[in-house]
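Just to be clear, the model below is a prediction. Sequence and coordinates:
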Amino acid sequence: MPRDVLLTPQGLEDLKARIDHLSGERRREVAERIKEA
């Protein structure tokens, strides 16, 4: 059963920024490390 999560507008923006970072820049860093391994 899903749980409700309450976010402030600022919390939502912070979460979106973190998702963008993890799915963009961080993903490239990890891919490069895997390539070097």
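Yep, that arrived. None of the values given here were measured: they were computed from a predicted structure.

got the CA coordinates for stretch 29-36 in PDB?
Once non-C-alpha atoms are left out, stretch 29-36 reads as follows in PDB (Å, rounded to 0.1, in the frame of the first residue of the first chain):
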ATOM      1  CA  GLU A  29      30.900   9.400 -13.700                       C
ATOM      2  CA  VAL A  30      29.800   5.800 -12.800                       C
ATOM      3  CA  ALA A  31      29.800   4.700 -16.400                       C
ATOM      4  CA  GLU A  32      33.400   6.000 -16.800                       C
ATOM      5  CA  ARG A  33      34.500   4.200 -13.700                       C
ATOM      6  CA  ILE A  34      33.000   1.000 -15.000                       C
ATOM      7  CA  LYS A  35      34.700   1.500 -18.300                       C
ATOM      8  CA  GLU A  36      38.000   1.900 -16.600                       C
END
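
what distance separates the longest helix seen in the chain from the centre of its chain?
Counting residues, the longest helix found in the chain (DSSP state H) is helix 9-23. Distance of helix 9-23 from its chain centroid, counting by C-alpha atoms, centre = their mean, to the nearest Å, is 7 Å.

quick one: contacts of it?
L7 (C-beta atoms under 8 Å, 6 or more residues apart in numbering). Every residue, glycine included, has its C-beta placed from N, CA and C.

What's the first helix or strand after it?
helix 25-36 (DSSP states H and E).

tell me the average confidence for that next one?
Mean pLDDT, helix 25-36: 91.

hang on, the earlier thing: CA atoms only for the longest helix of the chain, dumped as CSV, please.
Coordinates of each C-alpha in helix 9-23 appear next as CSV, following Å, rounded to 0.1, in the frame of the first residue of the first chain:
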residue,chain,number,x,y,z
PRO,A,9,7.6,23.4,-2.7
GLN,A,10,11.3,23.8,-1.8
GLY,A,11,11.6,20.2,-0.9
LEU,A,12,10.2,19.2,-4.3
GLU,A,13,12.7,21.4,-6.1
ASP,A,14,15.6,20.0,-4.0
LEU,A,15,14.4,16.4,-4.9
LYS,A,16,14.1,17.3,-8.6
ALA,A,17,17.7,18.7,-8.5
ARG,A,18,19.0,15.6,-6.9
ILE,A,19,17.3,13.3,-9.4
ASP,A,20,18.7,15.4,-12.3
HIS,A,21,22.2,15.2,-10.8
LEU,A,22,22.0,11.4,-10.2
SER,A,23,20.5,10.7,-13.6
